[in-house]
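1. missing the sequence, but the structure's below:
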């Protein structure tokens, strides 16, 4: 039985090493946990709008929270630093670029790709503690009855960009509204179980609150064409060695 010569083996190692290196570089992207809170600000939610404070400019602010592990090719947001978040309305077109950006990491952006879904239950009357509803059919907000009021969850996600391979992000904004049950919130907007927003009789009503958020960015590495080509060369090298051994 004949063994491949040293030159052939070293050549193969170079090829395989190149595949690993290029695949690793191609998979670089934004990953990890992002926690945010409203700091000294907050949010005002209407029947068809989300206005992050400060109001009126189309953009609000958030504070990066403790426990954030988010990393990117451009750097990592530091706990206590600030960022910007874009206001939303019924006329917002998705995907929405630069939905969340970071003061200390210019170029890192979370694009918004989807919101919700809300609860399929729009009957907010008679909920037991822990029961959930949405105030109208199609609302992306889930209201849950708590012993002190209402817990609100707003699910969303999209694409995180840092100039390398884009990654997926998803998570929730949350808040607690003390002293108001889901039914009282539904009644404040004049909404009716089983009906869409057009049936709500108080379309100008708003509710203000603080907020928190937790989001996870993940990516599944996929070899780019160059890496796939190198992998093909590696397979050819293996085939040639096998032929020589045979």
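-> That came through, no problem. Predicted model, so just to flag it, every value in this text is computed and none were measured.
2. element containing residue 184, please.
-> In the assignment (DSSP states H and E), residue 184 maps to helix 182-188.
3. Three-state assignment for residue 113, please.
-> Secondary structure assignment for residue 113 (DSSP: H, G, I helix; E, B strand; the rest coil): strand.
4. give me the beta-bridge partners of the closest residue in space to it that isn't next to it in sequence?
-> With sequence-adjacent residues excluded and distances taken as CB to CB, 6 or more residues apart in numbering, residue 113 is closest to residue 158, at 3.3 Å. Placement of C-beta: from N, CA and C, glycine included. Beta-bridge partners for residue 158, by DSSP bridges, are residue 112, residue 169.
5. so how many other residues sit close to residue 158?
-> When neighbours are defined as other CB atoms under 10 Å, residue 158 has 23 of them.
6. got the buried residues for the helix holding residue 184?
-> Within helix 182-188, the residues that count as buried by 16 or more other CB atoms under 10 Å are 182, 183, 185, 186, 187, 188.
7. okay, how far is it across stretch 120-136, tip to tip?
-> Terminal residues of stretch 120-136 are spaced 9 Å apart (CA to CA, to the nearest Å).
8. Please point out which parts of it sit buried.
-> So, applying 16+ other CB under 10 Å, buried residues of stretch 120-136: 121, 122, 123, 124, 127, 132, 133, 134, 135, 136.
9. what does stretch 86-93 give?
-> By 16+ other CB under 10 Å, the buried positions in stretch 86-93 come out as 86, 87, 88.
10. Show the residue spans covered by the strands in the chain.
-> Secondary structure of the chain (DSSP state E): strands at 32-37, 43-46, 49-52, 59-64, 82-86, 88-89, 96-102, 109-115, 132-133, 141-146, 149-161, 167-178, 206-209, 212-218.
11. To residue 194, which of those strands lies closest?
-> strand 132-133 (11.1 Å; CB to CB).
12. Any chance you could list what contacts the closest one?
-> Residues from elsewhere that reach strand 132-133 (CB atoms under 8 Å, 6 or more residues apart in numbering): 119, 121, 122, 123, 124, 127, 142, 143, 144, 145, 182, 186.
13. if you skip the residues just before and after it, what's nearest to residue 37?
-> Nearest one to residue 37, counting by CB to CB, 6+ apart, is residue 212 at 4.7 Å.
14. Could you list the low-confidence segments of this structure?
-> For the chain, applying pLDDT under 70 flags the ranges 1-28, 220-246.
15. now do 50
-> By pLDDT under 50, the weakly predicted segments of the chain are 1-4, 6-27, 227-228, 231, 233, 235-243.
16. Can you tell me who the residue nearest to residue 131 when sequence neighbours are not counted pairs with across the strands?
-> Leaving out its chain neighbours, the residue that sits closest to residue 131 by CB to CB, 6+ apart is residue 145, at 5.4 Å. Residue 145 has these beta-bridge partners by DSSP bridges: residue 150.
17. Touching, residue 145 and residue 126? I think so.
-> No. Residue 145 lies out of contact with residue 126 (CB atoms under 8 Å); the separation is 9.8 Å.
18. Could you dump the buried residues of helix 182-188 into JSON lines and include distance to residue 217?
-> Shown next, in JSON lines, are the buried residues of helix 182-188 (distance: CB to CB, whole Å):
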{"residue": "182", "distance to residue 217": "31"}
{"residue": "183", "distance to residue 217": "36"}
{"residue": "185", "distance to residue 217": "31"}
{"residue": "186", "distance to residue 217": "34"}
{"residue": "187", "distance to residue 217": "38"}
{"residue": "188", "distance to residue 217": "35"}
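19. Residue 38: which of the residues you listed is nearest?
-> Nearest to residue 38 out of those is residue 185 (CB to CB; 19.0 Å).
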